[in-house]
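# Would you be able to build a 3D model of this:
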Amino acid sequence: MQSVGVTISSYHSSSARTHFKRELQRLERDVLRMGALVETSFRLSHLALCDRDLSAAKAIPPLDKKIDRLYRQIESDCILLMTLQAPVARDCRVLGAYMQLVRDLERIGDYAKDLAEIALKIFPYPPHSCMPIVEKMSQQAQAMLAMSLAALIDLDADAGQQMKEKDSTVDASYETLYQTLAFQRNYTGVLEPIVLLTLAIRYLERMADHATNIGQRVSYIVTGSRD
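Predicted structure coming up:
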């Protein structure tokens, strides 16, 4: 009877493990789906700010609501798996990283919505001469987000370091733009577009930071090291 009991116990343990793996795979799909929504929101914010596409700006708020709902769902699912399924150490690491990672995605989505609001406010003013650099900065940050999500799909352990290097380029663009906007001499126009652009480049810089965080969290999932 003891051997039968051990066999039944082993069966239940194996079944529970199979169920957990299935739930973890579903969770990963949800994270990637959220990432795709955030990428779309970021792209729309770029169109709104750099191409002066007001329809793109207006499309972002309903998309942001979807992102927020998915964020709350993923966070809840992570907590349930951690508390009800008794995951092993590596699984806990993955779940913890997912919870932090989707927070980064949610923040990028929020910044995309903020950029859309700026685009609507700045539309009546003529484009500033620094807009080509702003456009390039936005493209760099978008590429970083795409790279971080590709790293998650491929479980690329080198993603963290690669993202840090890319982030340095965005930081340099931010510094150049900030100096241009903040220290203009003999400026006699309305200050509102200058203030709005200063906010916009700050948001783009923060979006790149969050993309970098995602890459570093992927490295942590793979290696277990936060370096």
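# How many neighbouring residues does T223 have?
The number of residues packed around T223, counting by other C-beta atoms under 10 Å, is 13. Backbone N, C-alpha and C define where each C-beta goes, glycine included.
# could you measure I74 against T169, distance?
30 Å (C-beta to C-beta, to the nearest Å).
# I meant to write I108 there.
In this view, I108 and T169 are 18 Å apart by C-beta to C-beta.
# So which of these two has more stuff around it?
Under the neighbour definition other C-beta under 10 Å, I108 and T169 were set side by side, and I108 has more, 29 against 16.
# Tell me who's in contact with the most centrally placed residue in the chain.
The centroid of the chain falls nearest to L105 when counting by C-alpha atoms, centre = their mean (2.9 Å). L105 makes contacts with 31, 34-35, 38, 67, 71, 210, 214, as judged by C-beta atoms under 8 Å, 6 or more residues apart in numbering.
# give me the element the residue nearest to A146 when sequence neighbours are not counted is part of.
Excluding its sequence neighbours, the residue lying closest to A146 (C-beta to C-beta, 6 or more residues apart in numbering) is E39, at 6.5 Å. For E39, the element it lies in under DSSP states H and E is helix 2-50.
# likewise P127?
Counting by DSSP H and E, P127 is found in no helix or strand.
# so how many other residues sit close to it?
That count, for P127 with other C-beta under 10 Å as the rule, works out to 13.
# again with F183
The burial count for F183: 8, using other C-beta under 10 Å.
# what's the distance between it and V38?
F183 sits 33 Å away from V38, going by C-beta to C-beta.
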